[in-house]
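Enquirer: sequence unavailable; structure follows:
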């Protein structure tokens, strides 16, 4: 059905390709696929060619359970695990929802906002909507 490697799970790249040809699928199956794309592209935020975990694909089959899962905590943990213990003397990649880190830096270091941020007027809330 997906046309991807079933043993290791589809990559974000493969999921996006399938999104372009899923118009005949049921609404729930399209929703499952979209959730996989959101998870792999934003919550985990890994390289587009990295396969997803099989356990995630099983979880997405139960839509209510998937929708009620604490994804904010997962995204934060992936981000923190990606940042902790990094050698920042060279170039490195951050996995996870990196925009949360960006908002934190802008909040903690207002001089960065003055030089690099583009805050919206009236201080929207939550803070992630302010930039």
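Expert: Alright, I've got the coordinates. Model, not experiment: these values are computed from the prediction.
Enquirer: ok, now how distant is the most centrally placed residue in the chain from residue 98?
Expert: The centre of the chain sits closest to residue 42, judged by Cα atoms, centre = their mean, with a distance of 1.4 Å. For residue 42, the distance to residue 98 (Cβ to Cβ, to the nearest Å) stands at 9 Å. The way it works is simple: take the backbone N, C-alpha and C, and place the C-beta from them, glycine included.
Enquirer: show me where the chain dips below the pLDDT cut-off.
Expert: 1-6 (pLDDT under 70).
Enquirer: tell me the domain ranges of it?
Expert: 1-84, 97-131 (automatic domain parsing).
Enquirer: and those: which comes nearest residue 90?
Expert: Residue 90 sits nearest to domain 1-84 of all those, at 14.9 Å, using Cβ to Cβ.
Enquirer: now do the helices in the chain.
Expert: Along the chain, counting by DSSP state H, helices occupy 12-19, 27-38, 54-60, 63-68, 71-83, 98-108, 110-115.
Enquirer: which positions in stretch 106-116 come out as buried?
Expert: Across stretch 106-116, burial judged by 16 or more other Cβ atoms under 10 Å covers residue 106.
Enquirer: end-to-end on it?
Expert: 9 Å (Cα to Cα, to the nearest Å).
Enquirer: for it, give me every contacting residue.
Expert: With contact meaning Cβ atoms under 8 Å, 6 or more residues apart in numbering, stretch 106-116 is reached by 105, 117, 119, 127, 130-131.
Enquirer: at 7 Å what do you get?
Expert: With contact meaning Cβ atoms under 7 Å, 6 or more residues apart in numbering, stretch 106-116 is reached by 105, 117, 119, 127, 131.
Enquirer: report the distance from that stretch to the chain centre.
Expert: 24 Å (Cα atoms, centre = their mean, to the nearest Å).
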